[in-house]
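Peer 1: Predicted structure and sequence below. I'll ask about it afterward.
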Amino acid sequence: MTRQNKALYLRSRTTIALCLAAALASPAWAGDATSADSSAATTAAKNLDAVQVTGTDVISNISPTQGSAIATQPQSIINSLFIQKNVPPTGDYTDAIAIAPSISTVAPNGPGLMEAPVVAMRGFQDGEYNVTFDGIPWGDPNDFTHHSTSYFNNATTGSILIDRGPGTASTLGNATFGGTVGVNSLTPSDHFGIEPYLTFGSWSTEVQGATFNTGRIDQTGGTTAVINVQNSDSDGYLTYSGQRRQNVFAKVVQPIGDNTTLTFAGMYNNITQYVPFGATAAQIAQHGPNFALSNDPTSQNYYGYNKDDISTYLGYLGLHSEFSGWTIDNKVYTLAYNHFGYNGEDPNGETPNGTIYGPDNVPGQRMRNWYRSWGDIFRLTKDLGPGEIHTGFWYDDQDNLRWLHEVDATLNGAPNAVPASAAIDRNMDDTLKTFQPYLEYQWNITDAGYVVGGVKYVDFKREIDASVNQKTLDPLDYSKDWTKVLPSAALHWQFSSNWTAYAQWAKGFLAPNLNTFYTVSPQDSSSLQPQQTINRQLGTNWNDDRLTLSADVYYINFNNKIESRKVGGITEFFNQGGAIYKGFEMEGSYLLGAGFSVYANGSLNRATDSTTNQWLPNAPSKTAALGVIYNQGPLYASLIDKFVGYRYGDTGQTQPFGGYAITNFAASYAFTDMADLKEIRVGLQVSNLFDNKSIYALAGYTAQDNTPLYFTIPERSYMVTLSAKF
């Protein structure tokens with residue numbers, strides 16, 4: 001561990017100790033039920049959770065994923081039991097959703113220790129589907145991708161709802177194109193409690209944290225609150241690719257009268273990490289599958305030159321009220337992301353050293369990406385006739401600053417050009433304003449079935465003011481406004497108390513990327529239309545105390561695919577063709593008895609270009625999972641294998657990858673009735689049990705010779721967690 005890392009580590013431990021002392025001195029925090037998006041998809045998850053009964057005789061409690069009894073599109077619900085027992089404490093939501101059908105992702109530096117290069121759902125890539133936190137869409141404004149390690153963590157996640165489809169008109173976000181991953185925050189307890197925890201594991205990994213619940217405070221009308229503080233420190237699987245992370249999360253719920261609840265939730269995250277670009281096949285063969293960065297300060301892959309410093313926050317104030325057939329739900333929120341990044345010019349060694357300051361000096365780059373977003377989500381539901389009407393809107397305003405400079409890393413970032421302004425690769429300010437009102441009606445045909453149909457109007461406007469625009473290096477002051485009308489319709493039918501089915505037709509969309517402005521004349525692409533999907537899906541779901549089973553088929557027509565071409569040396573963007581996504585998915589769990597249950601899921605997927613009929617990049621042909629779980633009394637154990645089929649790493653069916661399988665084992669034991677302690681728990685998680693270290697993903701290409709870069713599956717690793725409940 002470097003001197004800087006040791007100092008950061010000591011400061012982190014001091015911060016955690018102070019937080020623990022403050023919380024112990026004044027245990028005034030607690031929590032409340034998960035606050036989430038009130039769309040039909042999330043309502044389904046909430047209702048399902050409400051009828052679950054704690055105990056090993058109810059399969060819904062222990063199934064890793066399950067469908068929803070009132071869904072109108074394919075869904076997978078991942079509950080808190082699976083997240084807390086099976087996902088390592090360093091993990092994030094991408095590690096949790098990896099188990100689900102049609103999902104493919106691996107974190108190349110170990111769970112939660114680096115953003116995964118591929119997080120695909122049915123072949124849709126990150127940035128082509130929404131990720132929400134308690135119903136609030138978030139992500140980079142330039143391309144709608146998500147920094148999974150930079151916000152909430154495993155300890156603050158209560159449940160996850162995966163919608164594989166654009167949802168109904170009330171589903172909000174800039175990328176309803178491919179679906180939604182809905183992360184719901186930690187559910188507070190009605191009982192006072194303190195739960196410190198400590199984790200040790202592979203690659204010198206250590207996690208310290210604690211969760212505090214006030215329980216219900218009757219003197220203030222039933223206030224509940226929860227706070228979680230956590231510090232993690234790991235060297236990571238990849239060489240010299242360590243990560244240090246601190247996170248604080250708090251949530252306060254205040255009842256107002258009998259029908260209204262006010263919720264405040266907020267989090268702050270700070271992370272320092274050393275991030276590689278991937279390794280060439282020759283480097284992997286020479287140095288091993290975990291080769292990444294080095295400790296050589298004369299090399300462009302020196303870890304000190306390849307570093308991220310990131311701080312983020314997210315907070316919201318939510319009001320929920322029900323009265324006389326009306327339901328009002330409103331969230332006012334803000335979030336921010338502040339990223340300072342450093343990297344060697346070519347960490348993979350194809351560009352020789354040398355700057356304007358000397359032939360042996362190391363060339364590098366410095367960058368900053370900052371954005372801040374504020375917005376409001378308002379929802380109104382009213383009983384009307386033989387059903388209910390849903391209406392509301394989402395407004396979001398994002399500001400974004402992006403710059404990139406060529407520097408001399410040896411001289412601590414001196415500009416590598418004369419004049420200094422010639423070292424600027426980009427200097428951009430841009431904004432994205434989104435307004436999405438919607439109206440839909442749920443017609444209850446009979447007690448057994450309903451139809452929901454509606455329309456959403458989308459208006460989003462990009463503005464850019466760049467003194468140095470990316471790619472062109474010229475100034476640009478330009479704006480463009482896009483609008484779209486998105487209808488949807490769905491049928492839900494309940495054949496019995498256990499068996500339901502649904503059919504859905506809906507349009508999804510993806511707002512144009514900021515890169516459509518990376519051209520000398522963006523007005524030449526003024527006719528550009530948002531990319532759009534037309535989804536057709538059928539599915540069914542069965543739930544009882546011993547069996548959960550769901551299955552669906554889907555056919556998705558992807559229109560208005562955005563491509564680019566150069567005309568007279570000027571890049572133009574245009575709509576051409578599209579793609580077809582189709583497949584079959586299923587998942588289920590069965591309670592064998594005596595605490596044992598079996599779990600399985602699988603998918604057959606096809607995602608091909610409509611023009612060439614070639615496979616799209618990072619779109620697996622199939623996925624499957626199989627596992628056995630024991631959950632009875634104080635003991636929990638699981639052994640689950642996830643398989644991902646063949647796929648291609650790039651367009652044109654280049655960079656083929658064979659299928660791979662990863663097997664994970666988890667076990668925990670709770671010691672109860674120990675004097676003043678409610679519980680002491682010991683947990684073990686073993687990832688990649690059979691030590692599969694094969695190349696699984698394309699990381700990109702080198703800048704000099706266009707040599708492919710790869711990531712390998714992290715070696716077998718373990719995490720041991722000790723926790724106590726007071």
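Peer 2: Arrived safely, thanks for sending.
Peer 1: so what's the closest residue to Ile256 other than its chain neighbours up against?
Peer 2: Using CB to CB, 6 or more residues apart in numbering and skipping residues adjacent in sequence, the residue nearest Ile256 is Leu262, 5.9 Å away. C-beta here means a position set from N, CA and C on the backbone, and glycine is covered the same way. Shown in contact with Leu262 (CB atoms under 8 Å, 6 or more residues apart in numbering): Val253, Gln254, Pro255, Ile256, Leu317, Gly318, Leu319.
Peer 1: hmm, which of those are the buried ones?
Peer 2: Buried residues within the contacts of Leu262, counting neighbours by 16 or more other CB atoms under 10 Å: Val253, Gln254, Pro255, Gly318.
Peer 1: Now do the helices in this structure.
Peer 2: Ranges of helices within the chain are 3-25, 40-51, 59-62, 80-86, 93-97, 281-287, based on DSSP state H.
Peer 1: What average pLDDT does the second one get?
Peer 2: It stands for helix 40-51. Helix 40-51 carries an average pLDDT of 37.
Peer 1: Tyr129 - nearest residue in space that isn't next to it in sequence?
Peer 2: Sequence neighbours aside, Gly178 is the residue nearest to Tyr129 in space, at 3.6 Å (criterion: CB to CB, 6+ apart).
Peer 1: What is the burial count for the one you found?
Peer 2: If you count neighbours by other CB atoms under 10 Å, Gly178 ends up with 28.
Peer 1: measure it to Asp126 for me?
Peer 2: From Gly178 over to Asp126 the distance is 9 Å, taken as CB to CB, to the nearest Å.
Peer 1: ditto for Ser421
Peer 2: Noted for Ser421: a distance of 34 Å to Asp126, by CB to CB.
Peer 1: Compare neighbour counts for those two and give me the winner.
Peer 2: Set Ser421 next to Asp126 and count neighbours by other CB under 10 Å: Asp126 wins out with 27 against 12.
Peer 1: how near is that one to Gly139?
Peer 2: From Asp126 across to Gly139, the span is 9 Å (CB to CB).
Peer 1: Quickly list what's touching both of these two.
Peer 2: Residues touching both Asp126 and Gly139 (CB under 8 Å, 6+ apart): Thr145, His146.
Peer 1: Out of the contacts of Leu262, list just those in strands.
Peer 2: Taking DSSP state E as the definition of strands, the contacts of Leu262 contribute Val253, Gln254, Pro255, Ile256, Leu317, Gly318, Leu319.
Peer 1: got a pLDDT number for the residue nearest to Ile256?
Peer 2: Leu262 is assigned 97 on the pLDDT scale.
Peer 1: Could you list everything it pairs with in the sheet?
Peer 2: Gln254, Leu319 (DSSP bridges).
Peer 1: what's the spacing between it and Asp329?
Peer 2: 12 Å.
Peer 1: which residues are common contacts for those two?
Peer 2: Common contacts of Leu262 and Asp329 (CB under 8 Å, 6+ apart): Gly318, Leu319.
Peer 1: Would you map the strands across the stretch 601-726 of the chain?
Peer 2: 622-632, 635-644, 647-650, 654-657, 660-674, 677-687, 695-701, 708-712, 717-725 (DSSP state E, counting those that start in this stretch).
Peer 1: any chance of those strands in JSON lines, plus mean pLDDT and mean neighbour count?
Peer 2: As requested, those are arranged in JSON lines below (pLDDT from 0 to 100; neighbours: other CB atoms under 10 Å):
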{"stretch": "strand 622-632", "mean pLDDT": "97", "mean neighbour count": "20"}
{"stretch": "strand 635-644", "mean pLDDT": "97", "mean neighbour count": "19"}
{"stretch": "strand 647-650", "mean pLDDT": "94", "mean neighbour count": "21"}
{"stretch": "strand 654-657", "mean pLDDT": "94", "mean neighbour count": "15"}
{"stretch": "strand 660-674", "mean pLDDT": "93", "mean neighbour count": "16"}
{"stretch": "strand 677-687", "mean pLDDT": "93", "mean neighbour count": "18"}
{"stretch": "strand 695-701", "mean pLDDT": "94", "mean neighbour count": "20"}
{"stretch": "strand 708-712", "mean pLDDT": "95", "mean neighbour count": "22"}
{"stretch": "strand 717-725", "mean pLDDT": "95", "mean neighbour count": "18"}
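Peer 1: Distance to Arg546 added to the ones you listed, as a markdown table?
Peer 2: Shown next, in a markdown table, are these (distance: least, CB to CB, whole Å):
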| stretch | distance to Arg546 |
| --- | --- |
| strand 622-632 | 14 |
| strand 635-644 | 18 |
| strand 647-650 | 35 |
| strand 654-657 | 38 |
| strand 660-674 | 23 |
| strand 677-687 | 27 |
| strand 695-701 | 36 |
| strand 708-712 | 40 |
| strand 717-725 | 30 |
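Peer 1: who wins for proximity to Asp477 among the ones you listed?
Peer 2: strand 695-701 (31.0 Å; CB to CB).
Peer 1: which secondary structure elements does the closest one contact?
Peer 2: With contacts taken as 3 or more CB pairs under 8 Å, 6 or more residues apart in numbering; DSSP states H and E, strand 695-701 sits against strand 647-650, strand 654-657, strand 708-712.
Peer 1: Please name every helix or strand in contact with the first one.
Peer 2: It stands for strand 647-650. strand 654-657, strand 695-701.
Peer 1: What strands line up against the longest one, and which way round?
Peer 2: To tie it back to what came earlier, the one meant is strand 695-701. Sheet pairing for strand 695-701, using DSSP bridges, gives strand 708-712 (antiparallel).
Peer 1: try the first one
Peer 2: For strand 654-657, the pairing partners within the sheet under DSSP bridges are strand 647-650 (antiparallel).
Peer 1: just how off-centre is the partner strand within its chain?
Peer 2: Chain-centre distance of strand 647-650: 21 Å, with CA atoms, centre = their mean, to the nearest Å.
Peer 1: Would you mind pulling the contact partners of it?
Peer 2: Against strand 647-650 from outside (CB under 8 Å, 6+ apart): 104, 615-621, 654-657, 697-698, 708.
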